[in-house]
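Trainee: okay, structure incoming, though there's no sequence with it:
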């Protein structure tokens with residue numbers, strides 16, 4: 001079955017060239033030229049992945065990402081015209097799974113799309129089956145569900161994979177490169193901001209003292225809060 005991509009981009013040339021390239025690679029593509037049209041297209045037919053330009057008329061890509069996140073956990077990739085830290089951070093904090101800087105190489109974009117789709121389709125292969133507990137955080141690995149203090153915690157698929165990666169090795173320091181490789185399928189040299197921001201989002205949901213920063217090395221999951 002062909003994966004369905006929603007591509008929201010106001011530049012007509014980029015939109016059409018990218019659509020043709022993605023369709024040539026076997027994707028079904030729906031396009032929109034502004035934020036409101038993108039939201040309407042998303043609601044009309046939920047895609048498998050959304051590509052959102054940051055700078056969109058009517059409703060910018062960050063706001064559109066937030067609206068999508070209120071309704072769905074589909075993978076979202078932000079497209080930024082600049083390698084701008086503000087664009088990257090705000091997009092990821094809004095719930096995006098990854099980002100690509102424009103102008104982008106078609107093969108890079110294709111690889112990122114396939115990576116987020118692969119991650120969203122994967123179950124917990126390689127993880128311990130059953131129930132895991134870290135303080136007041138309970139992880140149902142088989143059911144892909146997390147409770148904190150008995151209450152459900154809404155995690156995106158990327159946040160869930162990140163938590164499970166930490167849960168594989170509680171107390172072990174995991175570098176940003178290790179997290180990028182195992183959670184995002186990045187080769188060495190990926191943008192560490194992607195890992196940092198997702199760790200911060202995960203902390204906000206399971207408790208700020210649950211994941212410790214080990215300065216200069218990375219992060220580790222605490223079995224008990226410090």
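Mentor: Okay, I see it. Just so it is clear, the structure is predicted and the values come from calculations on it, not from any experiment. Residues are numbered from 1 along each chain as shown.
Trainee: where does the prediction get shaky in this structure?
Mentor: Applying pLDDT under 70 to the chain picks out residues 1, 82-85, 122-129, 187-190, 224-226.
Trainee: that one: helices as residue ranges?
Mentor: Secondary structure of the chain (DSSP state H): helices at 12-24, 35-44, 61-71, 85-93, 106-121, 157-168, 176-184, 192-206.
Trainee: how about the ones you listed in TSV, adding distance to residue 138?
Mentor: Yep, even glycine has a C-beta here, placed from its N, CA and C like the rest. As requested, the helices of the chain are exported to TSV (distance: least, C-beta to C-beta, whole Å):
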stretch	distance to residue 138
helix 12-24	40
helix 35-44	32
helix 61-71	24
helix 85-93	26
helix 106-121	23
helix 157-168	11
helix 176-184	21
helix 192-206	10
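Trainee: so which of those helices comes closest to residue 77?
Mentor: helix 106-121 (5.9 Å; C-beta to C-beta).
Trainee: what's the closest one packed up against?
Mentor: helix 12-24, strand 49-53, strand 76-80, strand 98-101, helix 157-168, helix 176-184 (3 or more C-beta pairs under 8 Å, 6 or more residues apart in numbering; DSSP states H and E).
Trainee: so which of these is nearest residue 119?
Mentor: Across those, residue 119 has its closest neighbour in helix 157-168 (6.3 Å, C-beta to C-beta).
Trainee: against which helices or strands is the closest one packed?
Mentor: Using 3+ C-beta pairs under 8 Å, 6+ apart: helix 157-168 touches helix 106-121, strand 137-140, helix 176-184, helix 192-206, strand 218-221.
Trainee: could you dump the ones you listed to TSV with mean neighbour count?
Mentor: TSV is the format used below for the helices and strands packed on helix 157-168 (neighbours: other C-beta atoms under 10 Å):
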stretch	mean neighbour count
helix 106-121	16
strand 137-140	19
helix 176-184	19
helix 192-206	18
strand 218-221	20
